[in-house]
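[1] Sharing a sequence plus its predicted fold:
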Amino acid sequence: MPASYHDDPQLAGFRIVLNAADFAARKHAGQKRKGALAEPYINHLIEVAQLVANAIAGPDPNLLAAALLHDTVEDTKTTAEELIEAFGPDVAALVCELTDDKSLPKSERKRRQVEHAPELSVRAQILKLADKISNLRGILHSPPADWDLNRKREYVLWGKDVVHGMTSPNPVLEKEFDSTLQKLEQMLGK
């Protein structure tokens, strides 16, 4: 008996990524990036997923789905249980590994990101690095209007601390991070 298209692992991979994109777009509907252009938030999630897709050696649909979903628990009313039900425990675990505890003050959340960077799984480090690249690109191309030069520099220094604490950064993403960082540092003046 021929296998149905439901049994095809490649199609299953496409489905999980597209379902994650749809889920993220619906959960983040109406949210905008902080930049002066106020782009739809989904643009950030797609950029992170694209960075990941271009940096990994083989197919990993769950990692791409997690890239699209990485801010859902932190920035929407989505629960980890909801992600487990919709996308399975692997995707949910990756998202939760990157989720900040919003009940903590911002300074504490930032400190914890630096502290926990070396403890992230290799796949979570890929996501975190892609996220930081996207955020630096945002400061480069469309910084928040209310961020002065000092605030931008502080974010860049903190982002460097997080990335430099990683124990297994993806080489492709590390190169892109360094390139983006160099452009930003030139623009901001070290």
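    Arrived safely.
[2] From Leu149, how far out is the residue nearest to the spatial centre of the chain?
    Nearest to the mean C-alpha position of the chain, counting by C-alpha atoms, centre = their mean, stands Asp131 at 3.5 Å. Separation of Asp131 from Leu149 (C-beta to C-beta, to the nearest Å) stands at 23 Å. From N, CA and C alone the C-beta is placed, and that goes for glycine too.
[3] same deal with Gly30?
    Relative to Leu149, Gly30 is positioned 30 Å away (C-beta to C-beta).
[4] again with Glu185
    Noted for Glu185: a distance of 12 Å to Leu149, by C-beta to C-beta.
[5] what do you get for Val95?
    33 Å.
[6] Go ahead and confirm Thr72 touches Thr79.
    No. Thr72 is beyond contact range of Thr79, at 9.2 Å (criterion: C-beta atoms under 8 Å).
[7] who has more neighbours, those two?
    Neighbours per residue (other C-beta atoms under 10 Å) separate Thr72 from Thr79, with Thr72 holding more: 25 against 12.
[8] show me the contacts for the more buried one.
    23-24, 27-28, 78, 83, 95 (C-beta atoms under 8 Å, 6 or more residues apart in numbering).
[9] For these, which entry has the maximal number of neighbours?
    Neighbour counts for the contacts of Thr72, by other C-beta under 10 Å, peak at Val95, which reaches 27 neighbours.
[10] where's that one, which helix or strand?
    Secondary structure from DSSP states H and E places Val95 in helix 89-98.
[11] Ala12 now?
    helix 9-27.
[12] for that helix, which positions count as buried?
    Across helix 9-27, burial judged by 16 or more other C-beta atoms under 10 Å covers 13, 16-17, 20-21, 23-24, 27.
[13] again, but for stretch 33-52
    Buried residues in stretch 33-52 (16+ other C-beta under 10 Å): 33-35, 39, 41-49, 51-52.
[14] That stretch: how far from the chain's middle?
    Here the centre of stretch 33-52 is set off from its chain's centre by 10 Å, with C-alpha atoms, centre = their mean, to the nearest Å.
[15] Stretch 119-135 too?
    Its chain's C-alpha centre and that of stretch 119-135 lie 6 Å apart, by C-alpha atoms, centre = their mean.
[16] which residues of the chain fall in helices?
    Per DSSP state H, the chain carries helices over the ranges 9-27, 42-55, 61-69, 72-75, 80-87, 89-98, 106-116, 122-141, 149-164, 171-188.
[17] any idea how far Lys132 lies from Phe177?
    In terms of C-beta to C-beta, Lys132 sits 6 Å off from Phe177.
[18] and these two? which has more neighbours close in?
    Using other C-beta under 10 Å, the more surrounded residue of Lys132 and Phe177 is Lys132, with 26 against 23.
[19] State the distance from the closest residue to that one other than its chain neighbours to Leu64.
    Counting by C-beta to C-beta, 6 or more residues apart in numbering, Lys132 lies nearest to Gly159, which is 4.9 Å off, once chain neighbours are set aside. Distance, Gly159 to Leu64, using C-beta to C-beta: 22 Å.
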